[in-house]
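# Sharing a model prediction with you, sequence too.
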Amino acid sequence: SKYGDVVVISLNHRLNILGYLDLSPFGEEYKNSGNAGNADMVAALQWIHENIANFGGDPENITVFGQSAGCMSVQTLVSSPLTENWISKAIFQSAGGYDTGLNRDMPLSEAETIGQEFVELSGAKSLEELRAIPAEKIVELQEEFGRVNPSRMLSFVPNIDNHLLTCGYNEAVTEGKIKDIPYMLGSTADDIGVFPEMKEKGEHGGIYKGCINWSLALEKLGRKPAYVYYFTRALLGDDAGAFHSSELWYMFGTLGRSWRPKTEGDYALSKEMMDDWTNFMKTGNPNAEGKDDWKPCTKDDPYVQVLDVRE
């Protein structure tokens, strides 16, 4: 679909155990299988780069953006050498950054061990037997796998396979292995890791801090600092506040699909955010031409753009 004059594409990829089960015990050709979910994204990104011109897009101006787990995927893509020069800009929403406490650096050896443990649990003696297990049963086995060993509950994540990922997420930043492109990133006031007692003390969560840290790390590398935002609109209808993912209705312009009460201010905020996101996708700057209200976040001025309803 078209979002103004920006072509917006969503993609599907394998999730959880179907996307991140290491199958290397079954042969050398499966040595990178533990990152299959992200490999799907790389393949989709390559297809977009090679074909988007046929749909009115610019292959030299591709922005990748995502929220929550999607945001972690975006950080993986900008940290991977496999994405070559296909990414021109990136937006992290509520997960990505530097030292957020969310991204997990899984060694390949751990992914291999987890893969072996799961295959043993499945009872499969060969790859053919494993493939013959219905997907629904595989998901059930994943749940059983987590119950048997709670420490494995969140085990199916990208691993450092020295192919798709060559190092950990924070190291990729400090070593300058991330894409040298414009970044925009932020979080919400009641995001993951934010608790009422923290807010009462005026403290921020790890994602908020990680977004600022990311921008300062870019500046330290001699690159352009990022644009950082903080979505603080407490949505009407209950006391959930500006919860994790609450900004999506606004930046996608889909407030009308939410059951929650809205004001004219909500729709004005949505328009503002849609403009910010599309301006950034077009130019690498969320400000409209001729404006500089939203400043980059720097060491001397760690500016964070607050996104809320204006009175």
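That came through fine.
# can you map out the helices along this structure?
16-20, 36-51, 69-79, 108-122, 127-131, 135-148, 169-174, 196-200, 206-220, 248-251, 264-283 (DSSP state H).
# can you dump the C-alpha coordinates of the third one into PDB?
Included here for helix 69-79 are C-alpha records, laid out as PDB according to Å, rounded to 0.1, in the frame of the first residue of the first chain:
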ATOM      1  CA  ALA A  69      10.200  -8.100  18.600                       C
ATOM      2  CA  GLY A  70      10.000  -6.400  15.200                       C
ATOM      3  CA  CYS A  71      12.300  -3.700  16.500                       C
ATOM      4  CA  MET A  72      14.800  -6.400  17.700                       C
ATOM      5  CA  SER A  73      14.700  -7.800  14.200                       C
ATOM      6  CA  VAL A  74      15.500  -4.400  12.700                       C
ATOM      7  CA  GLN A  75      18.500  -4.100  15.000                       C
ATOM      8  CA  THR A  76      19.600  -7.500  13.800                       C
ATOM      9  CA  LEU A  77      19.300  -6.500  10.200                       C
ATOM     10  CA  VAL A  78      21.400  -3.300  10.700                       C
ATOM     11  CA  SER A  79      23.900  -5.400  12.600                       C
END
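# Do I have it right that Gln305 meets Ala226?
No - using Cβ atoms under 8 Å as the test, Gln305 is too far from Ala226 to be in contact (11.1 Å). Where you see a C-beta, it was placed from the backbone N, CA and C, and this is true even at glycine.
# that older thread, could you export the helices of the chain as a markdown table, including mean pLDDT?
Shown next, in a markdown table, are those (pLDDT from 0 to 100):
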| stretch | mean pLDDT |
| --- | --- |
| helix 16-20 | 93 |
| helix 36-51 | 97 |
| helix 69-79 | 96 |
| helix 108-122 | 93 |
| helix 127-131 | 92 |
| helix 135-148 | 91 |
| helix 169-174 | 97 |
| helix 196-200 | 92 |
| helix 206-220 | 98 |
| helix 248-251 | 97 |
| helix 264-283 | 96 |
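# between those helices, which gets nearest to Asp5?
Closest approach to Asp5 among these (Cβ to Cβ): helix 264-283, 7.9 Å.
# Need the residues that contact that closest one.
3-6, 61, 63, 65, 89, 91, 182, 184, 227, 229, 233, 236, 247, 249-253, 255, 285-288, 294, 305, 307-311 (Cβ atoms under 8 Å, 6 or more residues apart in numbering).
# Of the residues you listed, which count as buried by neighbour count?
6, 63, 65, 89, 91, 182, 184, 227, 229, 233, 247, 249-251, 253, 285-287, 294, 305, 307, 309 (16 or more other Cβ atoms under 10 Å).
# Which ones among the residues you listed map onto strands?
Applying DSSP state E to those, the entries found in strands are Val6, Thr63, Phe65, Lys89, Ile91, Met184, Tyr227, Tyr229, Gln305, Leu307.
# from these, which single one is nearest Phe55?
Val6 (11.8 Å).
# Identify the residue nearest the residue nearest the centre of the chain in space, chain neighbours excluded?
The residue lying closest to the centre of the chain (Cα atoms, centre = their mean) is Cys71, at 0.8 Å. Among residues not flanking Cys71 along the chain, Ala95 sits closest, at 3.6 Å (Cβ to Cβ, 6 or more residues apart in numbering).
# Then Asn213?
With Cβ to Cβ, 6+ apart as the criterion, Asn213 has its nearest non-adjacent residue at 4.0 Å, and that residue is Tyr98.
# And for the one you found, the neighbour number?
Number of residues near Tyr98 (other Cβ atoms under 10 Å) recorded here: 23.
# got the contact list for it?
Neighbours of Tyr98 in contact, by Cβ under 8 Å, 6+ apart: Asn170, Val173, Gly210, Asn213, Trp214, Ala217.
# I'd like to know which of these are buried.
Buried members of the contacts of Tyr98, scored by 16+ other Cβ under 10 Å, are Asn170, Val173, Gly210, Asn213, Trp214, Ala217.
# Distance check, the residue nearest to the centre of the chain against Asn32.
According to Cβ to Cβ, to the nearest Å, Cys71 and Asn32 sit 23 Å apart.
# doesn't Leu121 make contact with Val148?
Yes - assessed by Cβ under 8 Å, Val148 is found in contact with Leu121 at 7.3 Å.
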